[in-house]
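1. sequence below, structure please.
(chains A and B)
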2 protein chains.
Amino acid sequence: MTNWERNIRKVVPYTPGEQPNQPDMIKLNTNENPYPPAPKVQQVLKEMDAGDLRLYPDPSAGALVKAIADYYGLKEDQVFVGVGSDDVLAMSFLTFFNGEKPVLFPDITYSFYDVWAELFRIPYERPALDDSFHIKKEDYFKENGGIIFPNPNAPTGVELPLQDIEEILKANPGSVVIVDEAYIDFGAHSALPLISKYDNLLVVQTFSKSRSMAGMRIGFACGNPVLIKYLNDVKYSFNSYTMNRTSLAAGVAAIGDRDYFEDTCQKIMDTREWTQKELTVLGFTFQDSKANFIFASHKTCPAKQIFEALRAKHIYVRYFAKPRIDNYLRITIGTREEMEQLIRFLKDYLA
Amino acid sequence: MTNWERNIRKVVPYTPGEQPNQPDMIKLNTNENPYPPAPKVQQVLKEMDAGDLRLYPDPSAGALVKAIADYYGLKEDQVFVGVGSDDVLAMSFLTFFNGEKPVLFPDITYSFYDVWAELFRIPYERPALDDSFHIKKEDYFKENGGIIFPNPNAPTGVELPLQDIEEILKANPGSVVIVDEAYIDFGAHSALPLISKYDNLLVVQTFSKSRSMAGMRIGFACGNPVLIKYLNDVKYSFNSYTMNRTSLAAGVAAIGDRDYFEDTCQKIMDTREWTQKELTVLGFTFQDSKANFIFASHKTCPAKQIFEALRAKHIYVRYFAKPRIDNYLRITIGTREEMEQLIRFLKDYLA
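-> Prediction:
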């Protein structure tokens, strides 16, 4: 090791799902939306004056913050935006989790949480989900330096009932509790109505899934104005201008179209229900999903084998070689036609 | 203070220059380029398929990394990209400055450096520029946990000769040395040719100034592949997908047009030389600038007074109420016409 390497922060980074790019592929591996963004997004891009790009964007992302606040019936000082919910969550770890006691999150969950904790040298503990992959609320009734979990959880798709979340909040007046609602719009119940009641609650959402804009990188957090102010202080200490002009304009356009949003979410939920039925017939088991994916295990055929067989046909799903979940596939809900192709393949393969 | 506030990272954020928005304004306060980006950027935005936004961008930003590497005659593993050079620098502080010894940067310099150091709790020292605002290379010949300075320096515009940079590199084989070249394209000499010789050198540049794309948020770092790998590990531990699809496409389009880039830089340098002459006639003094701004002081009229008089006329320049520089104005070079308006106003005002 050279001399200057001694002062370097050495980390094991998060591994994102692969981004294959075959023309014939069916991409069900990174929970993207199979439908395009709201039509106005195309119009906004087309009409954008490139000349304006010479100027910095609004560092406060005011127009987008206002659009999100209006949509959810919040005030602007209750909303923070960032470069995807990963950026929002990274800033949140850096801002809120600075205690001596461990931060708590489930053993099976979004695999970025421990990466952020390691990056920022935050102690953490991972209470185990029960055998049916449900969060046990009692695990979060102990001393901690903060709490975070996704709802619905990833990669399980299981929803934690709102009353359980409220019990966790009540038990933890001394901690910031972050509910990561990346997948909330596919049938689960948002904790947003609780932010006026619990000043230690931060709810994080994203435009990447339900709003079909993973490629634009927009995430946001809602919480009481004191939490949002601290988060903005850290953001302004990291990078004043995180949201570029195209994100701001496209984000405002996307959130303005409530009908389109509700239609596409409903289509995905309908396709999910259909797919769950078909998978059951084929011998798969899974917990009821409230997300835009199904986390499924086959009764006889190992997940890794199915994963590789699908991959050979350019059907991409996600497989995690990790304890407790290495016999599961996380299958994103695509269009009805894509799911029909998947089911047809599985019928043949498992026959 | 509520209970949960105890674990919060409390910081004093960087204050970006104000972003006024009057139709008649002359905006010379945040070192933006007065010319639009390369024409192909407009075309790329117009032709972008919003449908693609449903998919995540390439997390490695491969196309943009390759375009930058090709432009500068580097290999792809020598280039890192981020959301403006602020993002690149924030990641660099987090990655490279983890020693016990203080990081060194000048007392008068980009005012984000101490903000990042405070955010990440990095010890630092600020050797003073000499009375003519030049970096004294000898100040960097002592034990340290890393070195960073802009070249040309901001807000002074003064260039540090390449042989002085090389002496600093030679004296510091045990430290990562970051040369922040945000303003390098306006007549100063880049340290890029030194990266093959010094494996501890990281050179950071941006599309925000010379490439007219402050609104798009693109910055990059060049260095030996080991440095770049460590930087990517931290980036992938923070946010896998920092660069959105419009940034990637527009960035590739912008860097492809070398003629346009060289023309606009030359126009700005010509306007700078003209403005320097006119300011001298009006009784201003300043060091010779190699940036797209002039850092000037008037012989008799206080800077703050001129700043406010300009502001009242919607001519925005930057004023820093800080020790040693509180009698200076940082004036961005706009179009020739904008600078003529500025000079006309000053002629009247100072008469």
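
2. quick one, strands of the stretch 151-300 of chain A?
-> A:177-180, A:201-206, A:219-222, A:284-286, A:293-298 (DSSP state E, counting those that start in this stretch).

3. and the fourth one, how far out from the chain's middle?
-> By that I understand strand A:284-286. 22 Å (CA atoms, centre = their mean, to the nearest Å).

4. from the contact counts, what lies against that strand?
-> When contacts are defined as 3 or more CB pairs under 8 Å, 6 or more residues apart in numbering or on different chains; DSSP states H and E, strand A:284-286 packs onto strand A:293-298. In this view, the C-beta of every residue, glycine as well, is placed from N, C-alpha and C.

5. tell me if the strand it packs on is near chain B.
-> No - applying CB under 8 Å from any CB of the partner chain, one finds strand A:293-298 separated from chain B by no less than 14.6 Å.

6. could you pull up the residues touching whatever residue of the stretch 101-250 of chain A ends up closest to chain B?
-> Going by CB to the nearest CB, chain B is nearest to residue A:236 of the stretch 101-250 of chain A, at 3.3 Å. Applying CB atoms under 8 Å, 6 or more residues apart in numbering or on different chains, we find residue A:236 in contact with A:59, B:13-16.

7. and if we set it to 7 Å?
-> B:13-14 (CB atoms under 7 Å, 6 or more residues apart in numbering or on different chains).

8. same thing with residue A:158?
-> Residue A:158 sits next to A:133-134, A:152, A:287 when contact means CB under 7 Å, 6+ apart.

9. could you redo the last one with a cut-off of 10 Å?
-> If a contact means CB atoms under 10 Å, 6 or more residues apart in numbering or on different chains, then residue A:158 has A:108, A:129, A:132-135, A:150-152, A:188, A:286-291, A:295 as its contacts.

10. among the residues you listed, name the buried ones.
-> A:108, A:129, A:133-135, A:150-152, A:188, A:286-287, A:289-291, A:295 (16 or more other CB atoms under 10 Å in any protein chain shown).

11. nearest to residue B:28, of these?
-> residue A:150 (46.4 Å; CB to CB).

12. wait, the closest one sits on residue A:113?
-> Yes - shown here, residue A:150 and residue A:113 form a contact pair, counting by CB atoms under 10 Å, at 8.9 Å.

13. list residues touching both of the two?
-> A:89, A:105-106, A:178, A:180.

14. could I get these as TSV with distance to residue B:5, neighbour count and pLDDT?
-> Formatted as TSV, the shared contacts of residue A:150 and residue A:113 follow (distance: CB to CB, whole Å; neighbours: other CB atoms under 10 Å in any protein chain shown; pLDDT from 0 to 100):
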residue	distance to residue B:5	neighbour count	pLDDT
A:89	20	27	98
A:105	21	26	98
A:106	26	24	98
A:178	15	28	98
A:180	21	29	98
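
15. I'd like the residues you listed as JSON lines, with distance to chain B appended.
-> Converted to JSON lines, these look like this (distance: CB to the nearest CB, whole Å):
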{"residue": "A:89", "distance to chain B": "9"}
{"residue": "A:105", "distance to chain B": "15"}
{"residue": "A:106", "distance to chain B": "20"}
{"residue": "A:178", "distance to chain B": "11"}
{"residue": "A:180", "distance to chain B": "14"}
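
16. ok, of those, which one's closest to residue B:74?
-> Distances from residue B:74 to the shared contacts of residue A:150 and residue A:113, taken by CB to CB, are shortest for residue A:89, at 32.7 Å.

17. center of chain A, which residue is that?
-> residue A:182 (3.2 Å; CA atoms, centre = their mean).

18. chain neighbours aside, what residue packs nearest to that one?
-> Closest residue to residue A:182 in three dimensions, ignoring its sequence neighbours and counting by CB to CB, 6 or more residues apart in numbering or on different chains: residue A:206, at 5.0 Å.

19. and the closest residue to residue A:198 other than its chain neighbours, how many residues sit next to it?
-> Residue nearest to residue A:198 in three dimensions, not counting chain neighbours: residue A:169, with 4.5 Å by CB to CB, 6+ apart. Neighbours of residue A:169 under the rule other CB atoms under 10 Å in any protein chain shown: 21.

20. so residue A:169 touches residue A:200, yeah?
-> Yes - look at residue A:169 against residue A:200 with CB under 10 Å: they come within range, at 6.9 Å.

21. who touches both of those two?
-> Common neighbours of residue A:169 and residue A:200 (CB under 10 Å, 6+ apart) are A:147, A:175, A:177.

22. helices of the stretch 1-150 of chain A, start to end?
-> For the stretch 1-150 of chain A, helices defined by DSSP state H, counting those that start in this stretch occupy the ranges A:39-47, A:62-72, A:84-96, A:113-119.

23. tell me which of the ones you listed lies nearest to residue A:254.
-> With CB to CB, the closest approach to residue A:254 among the helices of the stretch 1-150 of chain A belongs to helix A:39-47: 5.4 Å.

24. now for the closest one, which elements pack on it?
-> Helix A:39-47 is packed against helix A:245-255, helix A:258-281, helix B:39-47, with contacts defined by 3 or more CB pairs under 10 Å, 6 or more residues apart in numbering or on different chains; DSSP states H and E.

25. the strands in the stretch 1-150 of chain A, which residues?
-> Ranges of strands in the stretch 1-150 of chain A, per DSSP E, counting those that start in this stretch, are A:26-27, A:79-82, A:103-104, A:124-125, A:147-150.
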